[in-house]
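Novice: take this sequence and fold it.
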Amino acid sequence: MRYESGTGTDGSGGTGGTAVPMAWFYAEYIAEELLRTGDLMPPTTFEFRAGREALALTVFLADTEDALSGIRVVTELETWLALTAYDQPWQEWVAERLAERGARGPEDADLRLARAAWRWLEETELLAPDLDAASGAAALPDEEQPQVWTPAWRLGLPLGHLAIHLF
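Specialist: Numbering: from 1, shown residues only. I've put the predicted structure just below:
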């Protein structure tokens with residue numbers, strides 16, 4: 001189901017109104033609620049934003065029928081868990097689904113926001129612990145742990161996955 005505003009620009013309530021990206025807004029709302037419920041980090045951090053964007057993309061792109069409703073959220077949790085699992089090629093899946101959605105016709109406001117979120121996740125790098133560092137680094141204090149710059153989606157995806165588990 002496509003969600004669009006119900007009022008025209010002339011107040012007539014008919015056509016000519018601006019399309020409101022309700023599907024994307026709803027996906028962001030679900031993602032944010034999952035992350036807030038998990039209470040994994042403050043909502044003001046870039047890491048939280050990375051988790052929200054990655055999870056919102058997963059929710060939005062997994063909804064192949066454009067009909068995600070509040071009741072179906074609980075039934076979709078297992079699907080989202082599978083998509084965000086560590087051993088899954090999530091970034092390739094996102095690129096494929098964005099391309100499929102774009103091929104459906106003219107780009108709508110929902111798809112534009114999803115593409116903007118994906119660009120942010122790919123282009124933004126966050127400083128994170130180097131999980132591939134030597135095992136001896138685990139004994140170091142937090143401030144001495146080796147760190148690397150990594151794309152935001154690499155932090156956001158596991159954060160979103162964990163938030164789904166904690167829900």
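Novice: tell me which element residue 126 falls in.
Specialist: For residue 126, the element it lies in under DSSP states H and E is strand 125-129.
Novice: the nearest residue to residue 23 once chain neighbours are set aside: neighbour count?
Specialist: Leaving out its chain neighbours, the residue that sits closest to residue 23 by C-beta to C-beta, 6 or more residues apart in numbering is residue 110, at 4.5 Å. All C-beta spots, glycine's among them, are computed from the backbone N, C-alpha and C. Using other C-beta atoms under 10 Å, residue 110 is surrounded by 22 other residues.
Novice: sec struct for residue 110, please.
Specialist: helix (DSSP: H, G, I helix; E, B strand; the rest coil).
Novice: and it, what does it touch?
Specialist: Neighbouring residues of residue 110 by C-beta atoms under 8 Å, 6 or more residues apart in numbering: 21-24, 60.
Novice: just the ones of those residues in helices?
Specialist: Judged by DSSP state H, those include 22-24, 60 as members of helices.
Novice: how about the helices in the chain?
Specialist: Using DSSP H, the helices of the chain run over 22-38, 46-62, 73-84, 90-103, 109-123, 152-166.
Novice: in the fifth one, what's buried?
Specialist: Buried residues in helix 109-123, defined by neighbour count with 16 or more other C-beta atoms under 10 Å: 109-111, 113-114, 117-118, 120-121.
Novice: go on, the last one?
Specialist: Across helix 152-166, burial judged by 16+ other C-beta under 10 Å covers 152-164.
Novice: quick check: angle from that helix to helix 46-62?
Specialist: 80 degrees (axes from the mean of the first three to the mean of the last three C-alpha atoms, to 10 degrees).
Novice: distance from the chain centre to helix 152-166, please.
Specialist: 9 Å (C-alpha atoms, centre = their mean, to the nearest Å).
Novice: who are the packing partners of it?
Specialist: Here helix 152-166 touches helix 22-38, helix 46-62, helix 73-84, helix 90-103, helix 109-123, strand 125-129, going by 3 or more C-beta pairs under 8 Å, 6 or more residues apart in numbering; DSSP states H and E.
Novice: what's the angle between it and strand 125-129?
Specialist: Going by the same axes, to 10 degrees, helix 152-166 makes 60 degrees with strand 125-129.
Novice: do the same with the third one
Specialist: Between the direction of helix 73-84 and that of strand 125-129, the angle (the same axes, to 10 degrees) works out to 80 degrees.
Novice: now helix 73-84 - C-alpha only, PDB.
Specialist: Extracted as PDB, the C-alpha positions of helix 73-84 are listed here (Å, rounded to 0.1, in the frame of the first residue of the first chain):
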ATOM      1  CA  VAL A  73       6.200  -6.200  13.000                       C
ATOM      2  CA  VAL A  74       6.400  -9.100  15.400                       C
ATOM      3  CA  THR A  75       6.100 -11.700  12.600                       C
ATOM      4  CA  GLU A  76       8.900  -9.900  10.700                       C
ATOM      5  CA  LEU A  77      11.500 -10.000  13.500                       C
ATOM      6  CA  GLU A  78      12.900 -13.400  12.400                       C
ATOM      7  CA  THR A  79      13.300 -12.200   8.800                       C
ATOM      8  CA  TRP A  80      15.100  -9.100  10.000                       C
ATOM      9  CA  LEU A  81      17.400 -11.200  12.200                       C
ATOM     10  CA  ALA A  82      18.300 -13.400   9.300                       C
ATOM     11  CA  LEU A  83      19.000 -10.500   7.000                       C
ATOM     12  CA  THR A  84      21.200  -8.700   9.600                       C
END
